[in-house]
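Chemist: following is a predicted model, sequence given first.
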Amino acid sequence: MRRLLLVCVAGALAACGGGGDGGGGGGGGTTAVTVTGPLATQANNASAAMGTAACSGLAANYILIGASTYPELCSLSQTGDEKGNATIVSIAVVTFSATGSPAPITAGTYALGTTATQSVSAFVSRNDASCNETDESGDSGTVTISSISNGTVSGSLDVSITGGRITGTFAGAPCAVAGITDVCSRSGVPHTDVCRP
């Protein structure tokens, strides 16, 4: 599960999310994300990271959401470790600007893809017992952010992947991941080669 939420942004989302020590869904609702197709699963734990950083040299705002099959996603995001026999759905909404401050990320519906001022992505990643991953990136669809309150990000998604879909709701409790310097290249994202059972 490549560092929770960062590999998903046009290739950069996978570095946060979680449950256990970040909360299993937060106070703004419930998390029930369903993946159909070859990587079929149900993810019921979620966390979110948000902040400002660079995006390939541009000023950027980001929201990264992870929905997982295991509760310790946030703590593993913070250390950079991975989880064996587990699945994560990663979602990223990033706004950026070459000429000033990027637009704030607010409640609304965001289409997957990259424009001159934003990148929205989603993917599912499954680890086997040795943390060898199988990934499917979202082909098309939308991510809806319904509320952002005290660090909890709530919303829904409906995304097509090869041979299936990712649908459902999320309520990502705050998960602080320190050191992110470039949200698009994953620079500064914690990473180890440790695979947790």
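Modeler: Thanks, I have it. Please read all numbers here as calculations on a predicted model, not as lab measurements.

Chemist: in what helix or strand does Leu76 lie?
Modeler: In the assignment (DSSP states H and E), Leu76 maps to helix 73-79.

Chemist: name the next helix or strand downstream of that helix, please.
Modeler: Next helix or strand after helix 73-79 toward the C-terminus (DSSP H and E): strand 82-83.

Chemist: stretch 158-167 - what's its average pLDDT?
Modeler: Mean pLDDT, stretch 158-167: 97.

Chemist: now stretch 46-65
Modeler: Mean pLDDT, stretch 46-65: 91.

Chemist: Pro102 looks like it's in a helix, true?
Modeler: No - applying DSSP: H, G, I helix; E, B strand; the rest coil, one finds Pro102 to be coil, outside a helix.

Chemist: and for the residue lying closest to Arg165 once chain neighbours are set aside, the neighbour number?
Modeler: Spatial nearest neighbour of Arg165, chain neighbours left out: Thr36 (5.2 Å); criterion: CB to CB, 6 or more residues apart in numbering. Just so you know, the C-beta spots here come from the backbone N, C-alpha and C atoms, and that holds for glycine as well. Per other CB atoms under 10 Å, the neighbour tally for Thr36 reads 13.

Chemist: sweet, I'm off.
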